[in-house]
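Asks: Kindly generate the corresponding structure for this input.
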Amino acid sequence: MQWHDMLDRHTVPKKNDILDFLGDAGARWIELDNHMRSHYQAKPVLVYSRSSDHPGWSILYEKDGRSLCTVYLHEGYFVILLVVHRPEEEALEKIVKAGKLTDETKELYDSSSSSSAGRWLMIEMGQDNNLQDVFEILPIFHTGCSQ
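Replies: Numbers count the residues shown, from 1 in each chain. Below you'll find the model as predicted:
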């Protein structure tokens with residue numbers, strides 16, 4: 001079942017709705033949520049989109065008015081969108097060259113193209129995926145954050 005079929009724009013999902021929909025991947029989302037709160041003081045903001053790519057409710061994490069990541073919900077997994085703008089691309093390139101990312105994320109980086117809007121990395125998270133790559137990349141968006 002699609003997330004946007006379950007809850008319309010007038011029905012804001014509760015945490016338990018999200019966890020039920022994610023199933024076993026819910027533990028990864030809780031880990032991400034705890035990290036965003038403790039390292040960036042970023043609380044989740046639920047936003048509804050009519051986008052054809054990811055319709056329905058998504059979760060946005062912001063710090064000081066700057067988007068850190070967006071989480072798109074799917075049955076059994078979620079996708080984390082990291083938008084790397086030009087000023088951060090050099091820092092991301094250093095992380096990649098230093099071998100700090102898994103092969104899967106490095107391949108995702110290599111296959112993404114840089115544009116005037118930056119580089120979009122959409123990292124899929126299931127029950128077994130490790131969030132370490134995301135945690136490695138996030139500090140480039142907010143210098144001075146503890147890691």
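Asks: can you map out the helices along the chain?
Replies: For the chain, the helices defined by DSSP state H occupy 3-6, 15-22, 26-40, 86-97, 103-111, 132-137.
Asks: Would you single out the least confident of those?
Replies: Within the helices of the chain, confidence is poorest for helix 3-6, with a mean of 55 (mean pLDDT).
Asks: Pull the contacting residues for residue 80.
Replies: 32, 69, 70, 71, 72, 122, 123, 125, 134 (Cβ atoms under 8 Å, 6 or more residues apart in numbering). C-beta here means a position set from N, CA and C on the backbone, and glycine is covered the same way.
Asks: Drop anything exposed from these.
Replies: 32, 69, 70, 71, 72, 123, 125, 134 (16 or more other Cβ atoms under 10 Å).
Asks: Farthest pair within those?
Replies: Spatially, the most separated pair among the buried ones among the contacts of residue 80 is 72 and 134, at 13.6 Å (Cβ to Cβ).
Asks: Number of residues surrounding residue 126?
Replies: When neighbours are defined as other Cβ atoms under 10 Å, residue 126 has 14 of them.
Asks: wait, it sits on residue 28?
Replies: Yes: Residue 126 is within contact range of residue 28, at 7.5 Å (criterion: Cβ atoms under 8 Å).
Asks: any idea how far residue 102 lies from residue 45?
Replies: As for residue 102, its distance to residue 45 is 28 Å (criterion: Cβ to Cβ, to the nearest Å).
Asks: Same drill for the two, tell me which one is more crowded.
Replies: Taking other Cβ under 10 Å, residue 102 and residue 45 do not tie; residue 102 has more neighbours (15 against 12).
Asks: Could you check how far the nearest residue to that one once chain neighbours are set aside is from residue 70?
Replies: Sequence neighbours aside, residue 133 is the residue nearest to residue 102 in space, at 5.6 Å (criterion: Cβ to Cβ, 6 or more residues apart in numbering). Distance, residue 133 to residue 70, by Cβ to Cβ: 16 Å.
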